[in-house]
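Asks: Provided below are the primary sequence and the corresponding predicted coordinates.
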Amino acid sequence: MRLWVSKNSDVPLREQLVRQIMLGVVSDDLKPGQRLPSTRELARRFRIHSNTVSAAYRDLERAGWLEVRKGSGVYVRPLGGEQAATGADPRLELDRLINAFLTLARSQGHTLADVQARLKHWLGLEPPDHFLVVEPDEGLREILLAEIAEATSFRVRGCGYEECAGAQGLAGGAVVALYSKAEEVRRALPPEAAPIFLHTRSIPESLAGERPPPRDALVSVVSRWPKFLEWAHVFLVAAGVETDALDLRDAREPGWERGLRSSAYVITDALTARSLPEGLPAARVYRVVADSSLAELRSFVERFLTGATP
């Protein structure tokens, strides 16, 4: 994963590193178990003090993003306690899962009749009629709803942790949540829930095909979600955009759209994009959910909800 660092900005170098590594993990640019460059290596690469890198790594370790193995290095910590299984033949992989399930059921004392009865119950349930986005941050949740609805053309609704704690709140919904919240979501949901975890877009994926704006160009960032503005500020500065050239606008405030046409670039989210003034040729919509995760949701709708076959 490529990192950017800007020394001449109002965003501390430590924060620039922390935010980029966090996004690298949740976007799957940095894989679970992957070894990160050493403190000395990163410090030498960016010509910054090694204490700055060490502090960033410590912040990420305390927050559960990284793990430091004494004498070995710094590694990405798996989120949610699981990694995706891989198999060359989907049918063999399914057989393996079924066999593992039956073995576990027998080891816990369940009879074949018990297993058949519960399978009949679950297979007899109505298929979900919507995606249920579980996300405590309302601003982020609204953006996720907009992106998923646009990508899948399937009904979507959202809720926080308290609303989804019981089976009633989950009725009829296929639960989806961000991979970065996997542990929190699992604690909030009933044990029988099986969420689909979504990766976020990586920095290279977001910047693919984009040319950096001229140094003196005005770049406006518009969103109803304050953290979108905050993260955009950090990453644009780290990528070399001058702080004075950034115009951050909260789309919840009256008159936010005034003067946007004078910007060389307008960066926004999928929800706020619907409210942009017409005819902004420089508008760029940066999405939260990775293309691979949106493709997974579309496949879920086609295979499990509409009965389509590959």
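Replies: In hand now; what should we look at?

Asks: Might you list the low-confidence residue ranges for the stretch 151-300 of the chain?
Replies: The stretch 151-300 of the chain contains residues with pLDDT under 70 at 166-167, 203-210, 212-213, 215.

Asks: all helices of it, in order?
Replies: 167-170, 182-188, 203-207, 226-238, 291-300 (DSSP state H, counting those that start in this stretch).

Asks: Dump those helices to TSV, plus distance to Val25 and mean neighbour count.
Replies: From N, CA and C alone the C-beta is placed, and that goes for glycine too. TSV is the format used below for the helices of the stretch 151-300 of the chain (distance: least, Cβ to Cβ, whole Å; neighbours: other Cβ atoms under 10 Å):
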stretch	distance to Val25	mean neighbour count
helix 167-170	27	14
helix 182-188	11	16
helix 203-207	12	17
helix 226-238	14	19
helix 291-300	14	16
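
Asks: Distance to His49 added to these, as JSON lines?
Replies: Converted to JSON lines, the helices of the stretch 151-300 of the chain look like this (distance: least, Cβ to Cβ, whole Å):
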{"stretch": "helix 167-170", "distance to His49": "49"}
{"stretch": "helix 182-188", "distance to His49": "33"}
{"stretch": "helix 203-207", "distance to His49": "24"}
{"stretch": "helix 226-238", "distance to His49": "17"}
{"stretch": "helix 291-300", "distance to His49": "37"}
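
Asks: Centroid-nearest residue for this structure?
Replies: Against the mean C-alpha coordinate of the chain, by Cα atoms, centre = their mean, the closest residue is Thr200 at 2.8 Å.

Asks: Let me see the mean pLDDT of the longest helix along the chain.
Replies: Criterion DSSP state H: the longest helix present in the chain is helix 90-107. Averaged over helix 90-107, pLDDT sits at 74.

Asks: which is the next helix or strand following that helix?
Replies: Per DSSP states H and E, the first helix or strand lying C-terminal to helix 90-107 is helix 112-123.

Asks: Contacts for that following helix next, please.
Replies: With contacts defined as Cβ atoms under 8 Å, 6 or more residues apart in numbering, helix 112-123 is touched by Leu102, Ala105.

Asks: Need the residues that contact the very next helix or strand once past that helix.
Replies: Going down the chain from helix 112-123, the next helix or strand is strand 130-134, by DSSP H and E. Contact with strand 130-134 is made by 141, 144-145, 148, 152, 154-161, 164, 170, 172-177, 181, 185, 188-189, 195, 297, as judged by Cβ under 8 Å, 6+ apart.

Asks: I am finished for the moment; much appreciated.
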